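In: Here you go, sequence then predicted model.
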Amino acid sequence: MSASLAGNFVISLLFWLCVGGILYAYAGYPVLVFLLAKMKPAPPAYGEYHPCVTLLIAAYNEEREIEEKIQNCLALDYPASSLQILIVTDGSTDRTPEIVQSYATSRIELLHQTGRRGKTAAINRAMPSVRGEIVVFSDANNHYLPDTISKLVAPFRDPKIGAASGAKVIEKGDGSLGASEGAYWKYESFIKKQESRLGSCTSAAGEILAIRKDLYISPPDHIINDDFFIAMQIIRQGYRLIYVPEAKSMERVSPTAQDEIVRRTRINAGRYQAIAMTSRLLPLNSPLLIWQVISHKFLRLFVPFFMIGAAAFNLIAVIYPPHTKSLALLGPPFGIILFGLQALFYALAIMGGQFPHQGERNRFLNLLYLPAFLTNSNLAALKGFSRFLRGGQAHLWERIQRR
């Protein structure tokens, strides 16, 4: 093999590895986990079960949202005698504590302190006040359907289940940005259904996560993604984390695409932090679950690097084409065609990014915005990586106002 041909082979191999990484992260793993889950029996119907539950809400400067959240909690169709509603407002400098306190005679309990140490510290401080056998973690800006708690806790009839996560549903009315975010969570819902049927999910929506109180392990205060840490500790203790799609949490999308990038940047910085803490998070005695976590949660963080690599190696193959018309070696015209398709994708991302708040019911505009949504998601992963390396991501929430 000549030196020129060897160089072409290396470049094309690296290109196809990058493409393969992207395809596996987005499509390969979902297909594999679906096929494996099909070998397992369908999950049982759990029936009604009403253990004592504590609904724990960590709120920081939520005066615009908290009253509506309280009304939503009081409207839940769950036995009042078995539901404790506990709101923690550490560090709030607005009227959030006063608004919560005004509902003190309506089954609402307040834990407040003036110093702000972050959500994780607030949850840890609240746990000794929890009276429920099951703890449901929620946020101030999401709303539950009336039967959400009942649906979410029903599986705990099975003693092998240590945690359950419900479905995050994006409400309509926020244009193509909301439609894309909603489609993403439907995609995530599909994967979680398969993982749950296979044994355990590998992630949980922190705004609708239920766990057995006696299995709670306090996350360190510096943890960014507290929900992932809590869920992984349940699995490490030998219990299952299952997905309950019938238990729905309703939420609006961020006001702008830039706000959504900020939100995802923080989450992705937390995922890089989780990779650095692998020995404390992964269930090391379960190869299947390790494969699931790496494929579902960790590999996606490297998709932006795969995208950059695919473009760079493709460009090299166009500039220095092999002397063969081979698709595998990116020979002409295939190298040019593939590079043109990548350029078209990013051009559509730029174009679609101009219409984030339009076309929710217009399929064409939604499809046009999808490349922008995917590109922004991976841009947030890159920013999260940079922030993690610099140590610039604080564990305190960068509060994003929702619609």
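Out: Received the coordinates, thanks.
In: ok, longest helix in the protein?
Out: When the chain is parsed with DSSP state H, its longest helix is helix 363-390.
In: tell me which residues in that one are buried?
Out: Judged by neighbour count using 16 or more other C-beta atoms under 10 Å, the buried positions of helix 363-390 are 365-366, 368-385, 387-388. Just so you know, the C-beta spots here come from the backbone N, C-alpha and C atoms, and that holds for glycine as well.
In: and what of stretch 117-129?
Out: Neighbour-count burial for stretch 117-129, with 16+ other C-beta under 10 Å as criterion, is recorded at Gly118, Lys119, Thr120, Ala121, Ala122, Ile123, Asn124, Arg125, Ala126.
In: From these, which land in helices?
Out: Filtering the buried residues of stretch 117-129 for helices - DSSP H - leaves Lys119, Thr120, Ala121, Ala122, Ile123, Asn124, Arg125, Ala126.
In: Dump the residues you listed to JSON lines, plus pLDDT and distance to Gly340.
Out: Below are these laid out as JSON lines (pLDDT from 0 to 100; distance: C-beta to C-beta, whole Å):
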{"residue": "Lys119", "pLDDT": "87", "distance to Gly340": "46"}
{"residue": "Thr120", "pLDDT": "89", "distance to Gly340": "47"}
{"residue": "Ala121", "pLDDT": "89", "distance to Gly340": "51"}
{"residue": "Ala122", "pLDDT": "91", "distance to Gly340": "51"}
{"residue": "Ile123", "pLDDT": "94", "distance to Gly340": "50"}
{"residue": "Asn124", "pLDDT": "94", "distance to Gly340": "53"}
{"residue": "Arg125", "pLDDT": "93", "distance to Gly340": "56"}
{"residue": "Ala126", "pLDDT": "95", "distance to Gly340": "55"}
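In: can you list the weak-confidence ranges in the stretch 1-150 of the chain?
Out: Applying pLDDT under 70 to the stretch 1-150 of the chain picks out residues 1-3.
In: If we use 90, what do you get?
Out: Applying pLDDT under 90 to the stretch 1-150 of the chain flags the ranges 1-8, 42-48, 90-93, 104-106, 113-121.
In: which SSE is Gly340 in?
Out: helix 334-352 (DSSP states H and E).
In: average pLDDT across that helix?
Out: In this model, helix 334-352 carries a mean pLDDT of 94.
In: ok, and what's touching it?
Out: Outside helix 334-352, the residues within contact range by C-beta atoms under 8 Å, 6 or more residues apart in numbering are 176, 310-311, 314-315, 317-318, 321, 325-327, 330, 365, 368-375.
In: Kindly export that helix (C-alpha atoms) in PDB.
Out: These are the backbone C-alpha positions of helix 334-352, laid out as PDB (Å, rounded to 0.1, in the frame of the first residue of the first chain):
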ATOM      1  CA  PHE A 334     -18.600  10.800  -3.100                       C
ATOM      2  CA  GLY A 335     -16.400  12.900  -0.900                       C
ATOM      3  CA  ILE A 336     -17.800  16.100  -2.400                       C
ATOM      4  CA  ILE A 337     -21.400  14.900  -2.100                       C
ATOM      5  CA  LEU A 338     -21.000  14.000   1.500                       C
ATOM      6  CA  PHE A 339     -19.300  17.300   2.300                       C
ATOM      7  CA  GLY A 340     -22.100  19.100   0.500                       C
ATOM      8  CA  LEU A 341     -24.700  17.300   2.600                       C
ATOM      9  CA  GLN A 342     -23.000  18.400   5.800                       C
ATOM     10  CA  ALA A 343     -22.800  21.900   4.500                       C
ATOM     11  CA  LEU A 344     -26.500  21.800   3.600                       C
ATOM     12  CA  PHE A 345     -27.400  20.500   7.100                       C
ATOM     13  CA  TYR A 346     -25.600  23.500   8.800                       C
ATOM     14  CA  ALA A 347     -27.100  25.900   6.300                       C
ATOM     15  CA  LEU A 348     -30.500  24.600   7.200                       C
ATOM     16  CA  ALA A 349     -29.600  25.000  10.900                       C
ATOM     17  CA  ILE A 350     -28.800  28.700  10.300                       C
ATOM     18  CA  MET A 351     -31.900  29.200   8.300                       C
ATOM     19  CA  GLY A 352     -34.200  27.300  10.700                       C
END
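In: Could you give me the buried positions within it?
Out: The neighbour-count check on helix 334-352 (16+ other C-beta under 10 Å) flags Phe334, Gly335, Leu338, Phe339, Leu348, Ala349, Gly352 as buried.
In: Ok, stretch 279-297 next?
Out: If you call a residue buried by 16+ other C-beta under 10 Å, then stretch 279-297 has these buried ones: Leu281, Leu282, Pro283, Ser286, Leu289, Ile290, Gln292, Val293, Ser295, His296, Lys297.
In: could you give me the average pLDDT of that stretch?
Out: 94.
In: and the closest residue to Arg157 other than its chain neighbours, how far is that from Ser138?
Out: With sequence-adjacent residues excluded and distances taken as C-beta to C-beta, 6 or more residues apart in numbering, Arg157 is closest to Tyr49, at 4.5 Å. Between Tyr49 and Ser138 the distance is 19 Å, computed by C-beta to C-beta, to the nearest Å.
In: More neighbours: the two, which one.
Out: Taking neighbours as other C-beta atoms under 10 Å, Tyr49 and Ser138 compare with Ser138 leading, 28 against 13.
In: Which residue, neighbours along the chain excluded, lies closest to the more buried one?
Out: Leaving aside its sequence neighbours, Ser138 is closest to Ile57 (5.0 Å, by C-beta to C-beta, 6+ apart).
In: Validate this expectation: the one you found resides in a strand.
Out: Yes. Assessed with DSSP: H, G, I helix; E, B strand; the rest coil, Ile57 lies in a strand.
In: Give the pairing partners of the helix or strand containing Ile87; include direction for each.
Out: According to DSSP H and E, Ile87 maps onto strand 83-88. Using DSSP bridges, the strands paired with strand 83-88 in its sheet are strand 53-58 (parallel), strand 108-111 (parallel).
In: export those strands to CSV and tack on distance to Cys18?
Out: Listed next are the strands paired with strand 83-88 as CSV, based on distance: least, C-beta to C-beta, whole Å:
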stretch, distance to Cys18
strand 53-58, 40
strand 108-111, 49
